[in-house]
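Colleague: pasting the structure only:
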């Protein structure tokens, strides 16, 4: 079994390069880049800190984060991993299968990258070399722990969640990841802001007691000659590895012997992509279709690529003109979000192919309007949250983070709401799906200019209140002021969004056939 | 004979009539029909008439053609209550009158055809019926619901297939069926069951996972038809449902529509093909330059001659006597 699995693993590792030569070169380049990143992760603490407690803390933190991420990722996205279930129909004992899968894990690109990182660590820490074989043993143990953890995470996620809900799990993982980014940015900036880096040392403390950081902590204890502490840390690491291994055997046994429930024949959403993630309600299926269209339609991608140009130009203009740095860095994100929301002011016409189906099926106008918000919020909210944390990092004061998030989310929601109403009130013919994004249909009627101008003016005017409160909170920083700006921005934004959806929905209900007529003008 | 599949029947028009589904020459169709009628109703002594044993054998082999069913259905449906009624439906674009006081009625259980020359207002009328085009004046009622006063309620009763309008063709067939079902408020479990059955009925099972934009024109028509039926409407409003569909699928679609009307539903459809309307529909309305100039059962409207002859007579389109002289002959090139 082991030999067969080895052959399979080698074939899988080589399969990455299959296809055209160009594709093979691209994959090789990607692997080199990732390997370079792994080396960089090992080198980074050297550059940042002198050898000592701070560097040790950094080692522990970075090491623990890498090991933990290596295990978390396969749990949320278990698509490309060998899992025990795939072998369930072959005559292999579960125990033997579990063992073979563990051993052969070392023939995979991810394991090689792990190896690169660990070796780079060992090479770049001259002081560790005095430890001799025990350091090597610890690093090997860390590697084993990671391998067992990765196998366990992938197998467990397959066993618990299965193929059917794998997409939902991926989405959850993505959302969690995006939500973590501001916290991470906040943590990093805060850690480097303090004078004595005490915060880093504080954070490394608990991590050293977790199996993720225990190995690195053990090495540091060894370096200062604290053998008993190192023994405890190694015991933590070793026992967790053992537990994980035993658990892995159980998981393999369960996966091989378990039979999945047959498909539910009353579930119409099976295998329908985004439709699986949404309930069978008009507004929600419209949202699912919009997301599907955004994925499949080049026009939207072009718009998304083009959008950041204006804010970046503004940033440069302000910096060149010698404006206040804080003002200059705070400006691009709200402008970007305003444009992002406003870009939907003609979404009915943009997506006019079969708007007749909405009119002919008697869908409620608000459902049409609300469903179409999905992609823009799907893109916009993460951009607003991540962008806000970046803005705050540049501005150098984390206390204003609530106000900045409130302002940016407020602007996004307001401009989206305005666009939602205008799309129904003043539609004008737009490029049709499948056409080149640079072609504009010719139309003799008035409207395209008027609609663009009016919707932009309305979005700008309505964006003033959240910006006003946020600016107040940023200029004189108080906790309550920031909290107020945060909640006002979001609450006000949601109110405007709802108003836009309701107004747009009413217009759609009343004017459905007329909207249809305008958007189909060249069909 | 032009369409017989068995060589032995080549010289007997009755056999052709029994098999006839795709007649091309109109006189022949008429002839077939008359011989069918003669068989079913009265006995006609004719030189062509084959001995009694042979048609009896053929009758077992060949199912009743749709034209016979259509004639019988016409007589029954004419007694049924009216499901769809338009009253003085008018659509004016500036100075152009696209539909001029169109008053139609569709009986329950009937397959009603609308015919007319290009640009006569067929699509305009059907769009106004299905709630896609607001009429300048007039009323459309389905059952007792006014389409333009209570849209959502009426649209639950109508299934519509517009001509020329695109589908959401970046979805796969399965996604599109699901989408249409949910938009019409069908429960999820029902959508699942109906999608499977509709795909089977229209022969689209193998194409469900492909993008609709990759379908051929005929397959797009079929998936659109399937989408228009998924909420089990009472009235189907179909604009050119047979356009671009191959003959086998057309027979298939005809069969589905006949089952639908046999179950009490009603269909109103438009077509350029008079032969098809005469064969499939039981009622017909002829529209020319926006006005209805004749309507009723197919038999009543055609009045003894073929529908095409009757149509030509009604629309008053003679042979173009003048013009296009340069197109004929080679007088120019001499």
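Modeller: That came through fine. All of these numbers come straight from a predicted model, not from anything done at the bench.
Colleague: those helices in the stretch 201-334 of chain B, which residues are they?
Modeller: Secondary structure of the stretch 201-334 of chain B by DSSP state H, counting those that start in this stretch: the helices cover B:217-229, B:247-262, B:274-280, B:298-302, B:307-315.
Colleague: the fourth one - what's its average pLDDT?
Modeller: What it means is helix B:298-302. Averaging pLDDT along helix B:298-302 gives 79.
Colleague: now do the contacts for residue 115.
Modeller: With no chain named, the answer covers chain A. Residues counted as contacts of residue A:115 (C-beta atoms under 8 Å, 6 or more residues apart in numbering or on different chains) are residue A:143. Using the backbone N, CA and C atoms, a C-beta is placed for each residue, glycine as well.
Colleague: let's do chain B instead
Modeller: Contacts of residue B:115 (C-beta under 8 Å, 6+ apart): B:122, B:270, B:271, B:272, B:274, B:277, B:284, B:285, B:286, B:287, B:307, B:311.
Colleague: residues contacting the last one?
Modeller: The reference is to residue B:311. Residue B:311 is in contact with B:115, B:274, B:286, counting by C-beta under 8 Å, 6+ apart.
Colleague: and those residues, which is closest to residue B:104?
Modeller: residue B:286 (11.0 Å; C-beta to C-beta).
Colleague: my read: that closest one touches residue B:112, true?
Modeller: No. Residue B:286 lies out of contact with residue B:112 (C-beta atoms under 8 Å); the separation is 11.7 Å.
Colleague: between those two, which has more neighbouring residues?
Modeller: Using other C-beta atoms under 10 Å in any protein chain shown as the criterion, residue B:286 and residue B:112 rank with residue B:112 on top: 27 against 24.
Colleague: which helix or strand contains the more buried one?
Modeller: Here residue B:112, judged by DSSP states H and E, is contained in strand B:111-115.
Colleague: would you mark the buried spots in the helix or strand following that strand?
Modeller: Next in sequence after strand B:111-115, counting helices and strands by DSSP H and E, comes helix B:122-129. For helix B:122-129, a neighbour-count test (16 or more other C-beta atoms under 10 Å in any protein chain shown) marks B:122, B:123, B:124, B:125, B:126, B:127, B:128, B:129 as buried.
Colleague: got the residues of the stretch 151-300 of chain B near chain A?
Modeller: With the criterion set to C-beta under 8 Å from any C-beta of the partner chain, the stretch 151-300 of chain B comes near chain A through B:151-156, B:158, B:160, B:162, B:164-172, B:174-175, B:178-185, B:187-189, B:191-193, B:195, B:209, B:213, B:227, B:231.
Colleague: for those residues, which PyMOL command selects only the ones that are buried?
Modeller: This is the PyMOL syntax for the buried subset of those, where burial follows 16+ other C-beta under 10 Å:
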select buried, chain B and resi 151+154+155+156+158+160+162+165+166+167+168+169+170+171+172+174+175+178+179+180+181+182+183+184+185+188+191+192+195+213+227+231
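Colleague: so where do the strands sit in the chain?
Modeller: Because you didn't say which chain, this covers chain A. Counting by DSSP state E, chain A yields no residue ranges for strands.
Colleague: wait, chain B was what I had in mind.
Modeller: B:82-93, B:96-102, B:105-107, B:111-115, B:137-142, B:145-146, B:158-161, B:235-239, B:266-270, B:283-288, B:291-297.
Colleague: contacts for the shortest one next, please.
Modeller: Spelled out, it's strand B:145-146. B:139, B:140, B:153, B:154, B:157.
Colleague: mind checking how far the closest residue to residue A:16 other than its chain neighbours is from residue A:17?
Modeller: Leaving aside its sequence neighbours, residue A:16 sits nearest to residue A:27 (C-beta to C-beta, 6 or more residues apart in numbering or on different chains; 5.3 Å). Using C-beta to C-beta, to the nearest Å, residue A:27 is found at 5 Å from residue A:17.
Colleague: now residue A:270
Modeller: In terms of C-beta to C-beta, residue A:270 sits 34 Å off from residue A:17.
Colleague: partner residues bridging the residue nearest the centre of chain B?
Modeller: Centroid-nearest residue in chain B, with C-alpha atoms, centre = their mean: residue B:269, separated by 4.3 Å. Residue B:269 has these beta-bridge partners by DSSP bridges: residue B:113, residue B:238.
Colleague: close enough to count as contact, it and residue B:228?
Modeller: No. Counting by C-beta under 8 Å, residue B:269 does not reach residue B:228; the two are 11.2 Å apart.
Colleague: who's in contact with stretch A:126-134?
Modeller: By C-beta under 8 Å, 6+ apart, stretch A:126-134 touches A:51, A:122, A:135, A:219, A:222, A:223.
Colleague: most neighbours among those, which one?
Modeller: That'd be residue A:219 among the contacts of stretch A:126-134, by other C-beta under 10 Å, with 27 neighbours.
Colleague: wait, isn't that one in contact with residue A:138?
Modeller: Yes. Residue A:219 lies in contact with residue A:138 (C-beta under 8 Å); the separation is 5.5 Å.
Colleague: what residues are shared contacts of residue B:269 and residue B:228?
Modeller: B:236, B:238.
Colleague: in stretch A:308-317, what's buried?
Modeller: In stretch A:308-317, counting by 16+ other C-beta under 10 Å, buried: A:311, A:315.
Colleague: what do you get for stretch A:491-511?
Modeller: A:492-493, A:496-497, A:499-509, A:511.
Colleague: list just the nearest of those residues to chain B.
Modeller: residue A:509 (8.0 Å; C-beta to the nearest C-beta).
Colleague: residue ranges with poor pLDDT in chain A?
Modeller: A:182, A:192-197, A:261-268, A:352, A:430-448, A:520-523 (pLDDT under 70).
Colleague: ok, now which ones touch residue 307?
Modeller: All of this refers to chain A. Going by C-beta under 8 Å, 6+ apart, residue A:307 touches A:336, A:339, A:340, A:343.
Colleague: you looked at the wrong chain, it should be chain B
Modeller: With C-beta under 8 Å, 6+ apart, residue B:307 has these contacts: B:115, B:274, B:275, B:277, B:278, B:284, B:298, B:301.
Colleague: show me which pair in those residues is furthest apart.
Modeller: Among the contacts of residue B:307, B:275 and B:301 lie farthest apart (C-beta to C-beta), at 14.4 Å.
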